[in-house]
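1. Curious how this folds, go ahead:
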Amino acid sequence: MASTRPRAARGARMSRLWPLLLPDLRRFPAAQRRQALQAAADTALDPFELLGMAAALVCVTGLSHYALADLSPSIRWLAALFDFALALPLLALALAPFHLRRLRRGLHEQQHQGSR
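-> So this is what the prediction gives:
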């Protein structure tokens, strides 16, 4: 029973967060929002989003790449681990705007299809 509580709490937080991040989601009935969000997630990336994501990946790679060639293997391993820990949140921050843009576009397309 305790294992379902965090998931339910997370779901409640996300259900309050998505309408803030995606205002178009409010135009869907509450019972259809999850389905609309899933359909929006299936929207293909456009060229701008693909190029932006590639540029973000290159930038994060450049920021988190270490250049410590003369260190022992154990220190290099720790440096790589630190870079990985640094790169994950940077990637999330850099890629999130493109993901949100795709979701907004997908919701917008669903609204226009529903109004036709």
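
2. Check the burial of L107 by counting its neighbours.
-> 23 (other Cβ atoms under 10 Å). Yep, even glycine has a C-beta here, placed from its N, CA and C like the rest.

3. An error on my part: the question was meant for V58.
-> V58: 10 neighbours (other Cβ under 10 Å).

4. which is the next helix or strand following the helix or strand bottoming out on mean pLDDT in the chain?
-> When the helices and strands of the chain are scored by mean pLDDT, DSSP states H and E, helix 4-21 comes last with a mean of 66. Using DSSP states H and E, the helix or strand that directly follows helix 4-21 along the chain is helix 33-41.

5. With just CA atoms, put that following helix into CSV.
-> The C-alpha coordinates for helix 33-41 follow below in CSV (Å, rounded to 0.1, in the frame of the first residue of the first chain):
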residue,chain,number,x,y,z
ARG,A,33,-6.3,15.4,-20.5
ARG,A,34,-4.1,12.3,-20.0
GLN,A,35,-5.1,10.9,-23.4
ALA,A,36,-4.5,14.3,-25.1
LEU,A,37,-1.1,14.6,-23.5
GLN,A,38,-0.2,11.1,-24.6
ALA,A,39,-1.3,11.9,-28.2
ALA,A,40,0.7,15.2,-28.1
ALA,A,41,3.8,13.2,-27.0
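
6. tell me the centre residue of this protein?
-> A96 (4.2 Å; Cα atoms, centre = their mean).

7. quick one: contacts for that one?
-> With contact set as Cβ atoms under 8 Å, 6 or more residues apart in numbering, A96 has no partners.

8. Look up how far L78 lies from it.
-> Look at A96 and L78: by Cβ to Cβ, to the nearest Å, they are 28 Å apart.

9. Sounds good, over and out.
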